[in-house]
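Engineer: next one to model:
(chains A, B, C and D)
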Number of protein chains: 2
Amino acid sequence: MTVDRLPAPATSGRRALVLHDRPLVVNLIELTLNHGLFVVQAAGTLAEAEAILASWRPHLAVVDMDHDDSTALLDRLGASNGLRERSATPVLGLTRRGDLQTKLRAFDLGVDDILAMPFSPEELLARSIVISRRATGTEMPIVPAITLGEIEIDIVKREVRAGTSVVHLSGIEQHLLYLLASRAGQVVTRDEILDAVWGTDFVSESNVVDRHIRALRSKLQNDYRHPRFIATVPGQGYRFIPTFSNLGWDAGATRDPDRRR
Amino acid sequence: MTVDRLPAPATSGRRALVLHDRPLVVNLIELTLNHGLFVVQAAGTLAEAEAILASWRPHLAVVDMDHDDSTALLDRLGASNGLRERSATPVLGLTRRGDLQTKLRAFDLGVDDILAMPFSPEELLARSIVISRRATGTEMPIVPAITLGEIEIDIVKREVRAGTSVVHLSGIEQHLLYLLASRAGQVVTRDEILDAVWGTDFVSESNVVDRHIRALRSKLQNDYRHPRFIATVPGQGYRFIPTFSNLGWDAGATRDPDRRR
DNA sequence: TGCCGGCCATGACAGAGCGTCATGACACGG
DNA sequence: CCGTGTCATGACGCTCTGTCATGGCCGGCA
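Structural biologist: Numbering: from 1, shown residues only, chains lettered A, B, ... in the order given. The predicted structure follows:
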């Protein structure tokens, strides 16, 4: 089965380093930061991050604060006693816990801003742009909308245009859509989604993922009986396909026949 | 009628300048920043702000971005092309409009962080502390709870302890409580509240204030028939009195007999 | 072939937070 | 004594989030 490739993003030469050990989250961040014309490189360990840092000189770092190496990386980035060096790379921290204590500790470690899960891609982009432009003092281009097959996503307004209809997404729905879209054509597990949106602390037996997938679906498709864009792969998870026609099988079937791969 | 004075706040010598032309908002900010052991001085005009700036050397500035002189003051504070000077006073901007464009413009003007109305005192405090400690690189004390008469308010948890019961407030309810508490014993108009919490853009004929006053009341008083702490002054507005016994008139009467003053 | 069990979609619901509306009590002024 | 304006109150609508019970479909297995 062939699937449209995501369009190659335009770049402005702006670079972002991501320290995160969940590939799905990295994909999400990459797709989101494309709106800000960032090119993203991911590191799963401190060593990788340092290599990228030395050779690539990123303009922004997005750091999972729950990662074991986050503190070490922040040290390397020029944090010192809550007072960051002027020329250091601006850092956006991601955290599972949103209480004030956790946030203040993150700032102590040298973060420029902090984002608690679950967040929306809109917030991620906004904060990334803010701290990045503050560090460099230059304007930053934003591409408010991207097109994926038959879908157009406006990240700022949190709207999706599919065909003639325009719908507004909630933060979590937008997160979910970006997650799936960043892996277009591939299957994403429920557990991966749960982990990427809420963090592993969340109740794994919960039904939340289904719930929001369902909300997304009902917003993306005009009529009830024509499932589009999001297919179910039984026993495995969900799969996003940006064009309707590429689904291939009969409309009305949500199930993805391509089960064994 | 005598009313308990608010306790004189402990200070840590940390100073905050507020540029705002609504005295009620200034009171709110003052009471809120007391949790961070700030001493507050307010300016209604650029001239006043400059005088305070020169003689008082504040550690933090809270600036109403809808104020005519906000841009000029930000210039004075060392903003230049989105790139702020290192030693400049950190600035927290307040704005009525919360869209991304407005926020980005605020950052362009040199703000360190931006807060859109309606916000909760908890957020105001958290962001103030974050940008202030980032600028100075020192630890900042927080007093999580303050006591007003028979009421104890935990700003971080957004909880209120009145007697034996503990209740959780929403952001707007907390804002409302701080607003009234910062003018303890005095009457506050509906329009003033509307303006201070939502901004004047809001529909003036709306019932929102009553709605949230009611919610606050029902959370502060255990039993239905004993109104406490928040009295109605017919034709004028509401009045907060931190102790029950000081209400003076018969329990069961929500109305404040002290109408003509 | 027929039954069972697992996976998933669906509808219903809960509950917080926010805002609106209609009604009715109450006091005041004429 | 009645009308008017001011408030309190209950009821409702809406969005967002999360939970639960049900029932359909399919595949595996006897």
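
Engineer: what residues does the residue of the stretch 151-261 of chain A found nearest DNA strand D make contact with?
Structural biologist: Nearest residue of the stretch 151-261 of chain A to DNA strand D (Cβ to the nearest atom of the strand) works out as A:Ser170 at 2.8 Å. C-betas here are computed from N, CA, C, even on glycine. By Cβ atoms under 8 Å, 6 or more residues apart in numbering or on different chains, the contact list for A:Ser170 reads A:Ser120, A:Arg158, A:Ala215.

Engineer: highest neighbour count among those?
Structural biologist: A:Ser120 (21 neighbours; other Cβ atoms under 10 Å in any protein chain shown).

Engineer: so the residue nearest to that residue when sequence neighbours are not counted versus B:Leu19, what's the distance?
Structural biologist: Sequence neighbours aside, A:Gly171 is the residue nearest to A:Ser120 in space, at 3.4 Å (criterion: Cβ to Cβ, 6 or more residues apart in numbering or on different chains). Plainly put, A:Gly171 is 32 Å away from B:Leu19 if you go by Cβ to Cβ, to the nearest Å.

Engineer: the two - which one has more neighbours?
Structural biologist: B:Leu19 (27 against 15).

Engineer: which residues touch the more buried one?
Structural biologist: B:42-44, B:46, B:49, B:61-64, B:67, B:69-70, B:73.

Engineer: what about A:Arg97, neighbour count?
Structural biologist: 15.

Engineer: tell me the secondary structure at it.
Structural biologist: Under DSSP: H, G, I helix; E, B strand; the rest coil, the three-state class of A:Arg97 is coil.

Engineer: can you list phi and psi of the residue nearest to it when sequence neighbours are not counted for me?
Structural biologist: Closest residue in space to A:Arg97, ignoring its immediate chain neighbours: A:Ala116 at 6.8 Å, by Cβ to Cβ, 6+ apart. Here is the backbone geometry of A:Ala116 (degrees, to the nearest 10): phi -100, psi 150.

Engineer: pretty sure A:Ala116 is in contact with A:Leu100, am I right?
Structural biologist: No: with contact defined as Cβ atoms under 8 Å, A:Ala116 does not count as touching A:Leu100 (10.7 Å).

Engineer: tell me which residues are up against the helix or strand A:Ile213 falls within.
Structural biologist: Element membership for A:Ile213, per DSSP states H and E: helix A:208-220. By Cβ under 8 Å, 6+ apart, the list of residues contacting helix A:208-220 from outside reads A:151, A:160, A:162, A:167, A:169-170, A:172-173, A:176-177, A:190, A:193-194, A:197-198, A:202, A:227-230, A:238.

Engineer: give me the contact status of whichever helix or strand comes after that helix with DNA strand D.
Structural biologist: Using DSSP H and E, the helix or strand that directly follows helix A:208-220 along the chain is strand A:230-233. No: using Cβ under 7 Å from any atom of the strand, strand A:230-233 stays clear of DNA strand D, with a minimum separation of 10.3 Å.

Engineer: one more: stretch A:211-224?
Structural biologist: Yes: counting by Cβ under 7 Å from any atom of the strand, DNA strand D has neighbours in stretch A:211-224: A:Arg211, A:His212, A:Ala215.

Engineer: could I get the CA-only coordinates of that stretch as PDB?
Structural biologist: Included here for stretch A:211-224 are C-alpha records, laid out as PDB according to Å, rounded to 0.1, in the frame of the first residue of the first chain:
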ATOM      1  CA  ARG A 211     -12.600   8.300  23.600                       C
ATOM      2  CA  HIS A 212     -10.600  11.000  21.900                       C
ATOM      3  CA  ILE A 213     -10.000   9.000  18.800                       C
ATOM      4  CA  ARG A 214     -13.700   8.800  18.500                       C
ATOM      5  CA  ALA A 215     -14.100  12.500  19.000                       C
ATOM      6  CA  LEU A 216     -11.400  13.200  16.400                       C
ATOM      7  CA  ARG A 217     -13.100  10.900  13.900                       C
ATOM      8  CA  SER A 218     -16.500  12.400  14.300                       C
ATOM      9  CA  LYS A 219     -15.000  15.800  13.700                       C
ATOM     10  CA  LEU A 220     -12.900  14.800  10.700                       C
ATOM     11  CA  GLN A 221     -15.600  13.000   8.800                       C
ATOM     12  CA  ASN A 222     -18.800  14.800   7.600                       C
ATOM     13  CA  ASP A 223     -21.100  11.800   7.500                       C
ATOM     14  CA  TYR A 224     -21.500   9.100  10.000                       C
END
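
Engineer: that stretch near DNA strand C anywhere?
Structural biologist: Yes: using Cβ under 7 Å from any atom of the strand, stretch A:211-224 reaches DNA strand C at A:Arg211, A:Ile213, A:Arg214, A:Arg217.

Engineer: which of those residues are buried?
Structural biologist: A:Ile213, A:Arg217 (16 or more other Cβ atoms under 10 Å in any protein chain shown).

Engineer: contacts only, for the residue nearest to A:Ser120.
Structural biologist: A:Pro118, A:Phe119, A:Ser120, A:Glu122, A:Glu123, A:Arg158.

Engineer: which of those come close to DNA strand D?
Structural biologist: Applying Cβ under 7 Å from any atom of the strand to the contacts of A:Gly171, those adjacent to DNA strand D are A:Pro118.

Engineer: filter the contacts of A:Gly171 down to the ones in helices?
Structural biologist: Those of the contacts of A:Gly171 mapping onto helices are A:Glu122, A:Glu123, per DSSP state H.

Engineer: ok, so of the contacts of A:Gly171, who is nearest A:Val143?
Structural biologist: Set against A:Val143, the nearest of the contacts of A:Gly171 by Cβ to Cβ is A:Glu122 (13.2 Å).

Engineer: give the contact list for the closest one.
Structural biologist: A:Ile155, A:Val156, A:Arg158, A:Gly171, A:Gln174, B:Leu100.

Engineer: which member of those residues is positioned nearest A:Gly137?
Structural biologist: Nearest to A:Gly137 among the contacts of A:Glu122: B:Leu100, at 19.3 Å, using Cβ to Cβ.

Engineer: burial measure for whichever residue of chain A sits closest to DNA strand C, as a count.
Structural biologist: Using Cβ to the nearest atom of the strand, the closest approach of chain A to DNA strand C is made by A:Thr232 at 3.4 Å. By other Cβ under 10 Å, 19 other residues sit near A:Thr232.

Engineer: likewise for the one 10 residues further on?
Structural biologist: By the criterion of other Cβ under 10 Å, A:Pro242 has 20 neighbours.

Engineer: so it, which of the three states?
Structural biologist: coil.

Engineer: phi, psi of the residue lying closest to it once chain neighbours are set aside?
Structural biologist: Excluding the flanking residues, the one nearest A:Pro242 by Cβ to Cβ, 6+ apart is A:Gly149, at 2.8 Å. A:Gly149 adopts backbone torsions of phi 60, psi -120, taken as degrees, to the nearest 10.

Engineer: my read: A:Gly149 touches A:Thr243, true?
Structural biologist: Yes: look at A:Gly149 against A:Thr243 with Cβ under 8 Å: they come within range, at 3.7 Å.

Engineer: which of those two has more residues huddled nearby?
Structural biologist: The residue with more neighbours, out of A:Gly149 and A:Thr243, is A:Gly149; 20 against 15, by other Cβ under 10 Å.

Engineer: can you show me the strands along chain A?
Structural biologist: Under the criterion DSSP state E, chain A contains strands at A:14-19, A:38-43, A:60-64, A:91-95, A:113-116, A:145-148, A:151-154, A:159-162, A:165-168, A:187-189, A:230-233, A:237-240.

Engineer: pipe the ones you listed into JSON lines and attach mean pLDDT per row.
Structural biologist: Below are those laid out as JSON lines (pLDDT from 0 to 100):
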{"stretch": "strand A:14-19", "mean pLDDT": "96"}
{"stretch": "strand A:38-43", "mean pLDDT": "96"}
{"stretch": "strand A:60-64", "mean pLDDT": "97"}
{"stretch": "strand A:91-95", "mean pLDDT": "95"}
{"stretch": "strand A:113-116", "mean pLDDT": "93"}
{"stretch": "strand A:145-148", "mean pLDDT": "92"}
{"stretch": "strand A:151-154", "mean pLDDT": "93"}
{"stretch": "strand A:159-162", "mean pLDDT": "90"}
{"stretch": "strand A:165-168", "mean pLDDT": "90"}
{"stretch": "strand A:187-189", "mean pLDDT": "93"}
{"stretch": "strand A:230-233", "mean pLDDT": "89"}
{"stretch": "strand A:237-240", "mean pLDDT": "92"}
